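Student: what would the 3D arrangement of this be:
(one chain, ligands or ions: 1)
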Amino acid sequence: MSAPTESSRHTNSPLPGSGAWRKNGATHQTADAKLLETPRSSAFTHTDPWRVMRIQSEFVQGFDALAEVGPAISVFGSARTKPDSPYYITGMEVGRRLVEAGVAVITGGGPGSMEAANRGAAEAGGLSIGLGIELPFEQGMNEWVGLGVDFRYFFARKTMFVKYAQGFIVLPGGLGTLDELFEAMVLVQTGKVSSFPIVLVDRNFWAPLLDWIRSTMVTEGLVSPGDLDIFSLADTAEEAVALVLAGKAGEQLAAQES
Ligand SMILES: C/C(=C\CNc1ncnc2c1ncn2[C@@H]1O[C@H](COP(=O)(O)O)[C@@H](O)[C@H]1O)CO
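Tutor: Model prediction:
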């Protein structure tokens, strides 16, 4: 088939997405014309291909906002902890001690222990980061976040917790905290990240879960005994921060600082 002449162009219809054309087809609209047309319906914005664009933009937005963040530790913990609870007080001390060690604090930007860690970091004059998530019951970012990024998608937000931190400190929490903890553990277990310290704070709180992992999962051969070395345990903020800064993560943090 030969290329269309100027006069035949209006009657040669293009084959979608190929740059090819078919002779004597109906008059076609150019791509520019389609783009510039006022849309008759916004329904397309609720389709998966459109969502992919939105997801992509969420990654770009996160990478842009966090690219300049230096050494950082992600702190997870319950959204329900009240300011007078010992967990909140420990969370504040964790945030403060991380900043005093020259490390930024990344949290989910919400209330409870997230707020505590952001507050400790902000009050110590450090970088206090919140990665907020759109939820049906809107909470908004806690007031102690200095650099905030909002996400619609949990998985895009989770990437940021890992990509921009050199370790995790996990305060007592519920399902959200467990989700974040297990994701981190699986990334280490499967070798997707190396030497990523994970510190669980409050031995008493975590003991029953760890006993069950040992007595059931390890006994039944579903996890290796060595998998229990993926995390360390602490009882105080001081211990937790010292552990997360120790070892390989400490080397990475020191390298980023110099
Ligand atoms: C339930 C309440 C507020 C929810 N707001 C949240 N904002 C930001 N991040 C959240 C929120 N809820 C959960 N998360 C994430 O999960 C972890 C805490 O979940 P948990 O179930 O409370 O352990 C936390 O690290 C966040 O990343 C207030 O009533």
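Student: list the contacts of Ala121.
Tutor: 95-96, 98-99, 104-105, 127-128, 144 (C-beta atoms under 8 Å, 6 or more residues apart in numbering). Heads up, the C-betas are built off the backbone N, CA and C, glycines and all.
Student: and Leu233, by the same measure?
Tutor: Residues in contact with Leu233, defined by C-beta under 8 Å, 6+ apart, are 199-200, 203, 206.
Student: quick one: mean pLDDT for stretch 160-169?
Tutor: What stretch 160-169 shows for mean pLDDT is 96.
Student: please compute how far it lies from its chain's middle.
Tutor: Relative to its chain's centre, stretch 160-169 lies at 8 Å (C-alpha atoms, centre = their mean, to the nearest Å).
Student: quickly check: it near the ligand or not.
Tutor: No. Figure legend: stretch 160-169 not in contact with the ligand (C-beta under 6 Å from any ligand atom); closest approach 7.7 Å.
Student: low-scoring stretches of the stretch 151-258 of the chain, by residue?
Tutor: Along the stretch 151-258 of the chain, the model assigns pLDDT under 70 to residues 247-258.
Student: and Pro49, how many neighbours?
Tutor: Pro49 has 7 neighbours, counted by other C-beta atoms under 10 Å.
Student: what about it, distance to Gln139?
Tutor: Distance, Pro49 to Gln139, using C-beta to C-beta, to the nearest Å: 31 Å.
Student: which residues touch the residue nearest the centre of the chain?
Tutor: Nearest to the mean C-alpha position of the chain, by C-alpha atoms, centre = their mean, lies Lys158 at 2.3 Å. Lys158 makes contact with 180, 183, according to C-beta under 8 Å, 6+ apart.
Student: any buried residues in the helix or strand encompassing it, and which?
Tutor: According to DSSP states H and E, Lys158 maps onto helix 154-163. Neighbour counts using 16 or more other C-beta atoms under 10 Å place 156-162 of helix 154-163 among the buried residues.
Student: then stretch 208-217?
Tutor: Going by 16+ other C-beta under 10 Å, stretch 208-217 has these buried residues: Ile213.
Student: only C-alpha atoms, please: export it in CSV.
Tutor: What follows is stretch 208-217, C-alpha atoms only, in CSV (Å, rounded to 0.1, in the frame of the first residue of the first chain):
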residue,chain,number,x,y,z
PRO,A,208,3.3,-13.2,72.6
LEU,A,209,3.6,-12.6,68.8
LEU,A,210,7.3,-13.7,68.8
ASP,A,211,6.5,-16.7,71.0
TRP,A,212,3.9,-17.8,68.4
ILE,A,213,6.3,-17.3,65.5
ARG,A,214,8.8,-19.5,67.4
SER,A,215,6.5,-22.1,68.7
THR,A,216,4.3,-22.5,65.6
MET,A,217,5.9,-21.0,62.5
